[in-house]
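A.B. asks: Sequence unavailable; structure follows:
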């Protein structure tokens, strides 16, 4: 599983990263989490509100930091 | 109901005796409960609207040409209903240009988005009632519409930073499939907003309460009345650096109005605190050359001053 956090480095983006790592830990999943701060790459996903959560190149969340539980729910789908 | 609760709480703390402290305290309890409830309701409604109609969809609607010439108005209205976060300004700006949306229409959205937002609406509704709130929202939306339209007339594209156009040329790889939103996520987002501004609102209501209790009625009329022509621009100039506490400013201003500050002057003051933020300007500097940034913020400031005079004439 490849996870990308899209965001320019605002507090919410960091929160989403932390929450995603927590969610992975809770689920006992292994994944590669990378942060994408390059605007050109962020925009290539068609996202207009950050932070966004991209799993295997699919945008699953945009514009909210979410809780670890909510992220976990999204990841198991 | 809230009124009687506030009176009961005041009597419990201060006894039956009337005093300036008791007056302030009653006001504080009343306003805090009322505004807390309004914030709760409005942030949830706006969160739900945003979940089912995210900005990515807004862009689609505007770019599709279905608004038939009403793009500026449409962008302005959408700007009003989407929750504003200055950290999303850049992706928003880029996203609009990427969708081949003209710069003027993008400006309409960018002007209204911070100016008419859920927190300001909740506070206005609580402090000034629905008439003033409606006036504020409608004039904010019209300001965004007209100013975006006017700015679109001057080919300002050349003052947008070059790298922006390089990104805007590339079409997004895939259409965004609707991201997942749950009621819980909407709610936690709403509480997040309230948490972020809560302290400012409480401090604002606190200061407002003290003004209500201690400052004599009509106190400000002597030096800040309608016939003082410098009142409006001066209040806008003071307001711009106050962004961080915008949510705390509204309750204070309400108290000032109750003590004789003209409503028009107060309105333009609040519009400037809410709509013109220094942090947003610094963020937008990344995509706009200084001249464009100056034109953008300068014209919004001037329009707010104009609106202030207009309000003073009407009220």
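C.D. replies: Arrived safely. What you see is a predicted model; the values in this text were computed from it and never measured.

A.B. asks: What's the local residue count around residue 23?
C.D. replies: No chain was given, so I picked chain A. 24 (other CB atoms under 10 Å in any protein chain shown). In this view, the C-beta of every residue, glycine as well, is placed from N, C-alpha and C.

A.B. asks: I was after chain B.
C.D. replies: Neighbour number of residue B:23 under other CB under 10 Å is 17.

A.B. asks: In three-state terms, label it for me.
C.D. replies: helix (DSSP: H, G, I helix; E, B strand; the rest coil).

A.B. asks: which residues does the closest residue to it other than its chain neighbours contact?
C.D. replies: Closest residue in space to residue B:23, ignoring its immediate chain neighbours: residue B:213 at 4.1 Å, by CB to CB, 6 or more residues apart in numbering or on different chains. Contacts for residue B:213 (CB atoms under 8 Å, 6 or more residues apart in numbering or on different chains) come out as B:20-25, B:27.

A.B. asks: If any of those residues are buried, put those into a PyMOL selection.
C.D. replies: Per 16 or more other CB atoms under 10 Å in any protein chain shown, the buried members of the contacts of residue B:213 correspond to this PyMOL selection:
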select buried, chain B and resi 21+22+23+24+25+27
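
A.B. asks: Now the contacts of residue B:213 in TSV, please, with extra columns for pLDDT and distance to residue B:109.
C.D. replies: TSV is the format used below for the contacts of residue B:213 (pLDDT from 0 to 100; distance: CB to CB, whole Å):
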residue	pLDDT	distance to residue B:109
B:20	78	46
B:21	81	46
B:22	82	47
B:23	81	43
B:24	84	41
B:25	85	42
B:27	84	37
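
A.B. asks: Quick check: the gap between the closest residue to residue B:232 other than its chain neighbours and chain A.
C.D. replies: Nearest non-adjacent residue to residue B:232, counting by CB to CB, 6+ apart: residue B:308, 3.7 Å away. Going from residue B:308 to chain A by CB to the nearest CB, to the nearest Å gives 32 Å.

A.B. asks: And for residue B:308, the neighbour number?
C.D. replies: The tally of other residues near residue B:308 (other CB under 10 Å) stands at 25.

A.B. asks: From the contact counts, what lies against the strand or helix carrying it?
C.D. replies: Using DSSP states H and E, residue B:308 sits in helix B:290-314. Counting contacts by 3 or more CB pairs under 8 Å, 6 or more residues apart in numbering or on different chains; DSSP states H and E, helix B:290-314 is packed against helix B:103-115, helix B:118-153, helix B:231-239, helix B:263-275, helix B:278-284.

A.B. asks: For it, the averaged confidence score.
C.D. replies: Here helix B:290-314 scores 89 as its mean pLDDT.

A.B. asks: For that helix, which residues meet the burial criterion?
C.D. replies: Those would be B:292-293, B:295-297, B:299-301, B:303-305, B:307-309, B:311-312, for helix B:290-314 by 16+ other CB under 10 Å.

A.B. asks: weakest of the helices and strands packed on helix B:290-314 in terms of mean pLDDT?
C.D. replies: Lowest mean pLDDT of the helices and strands packed on helix B:290-314: helix B:231-239, a mean of 75.
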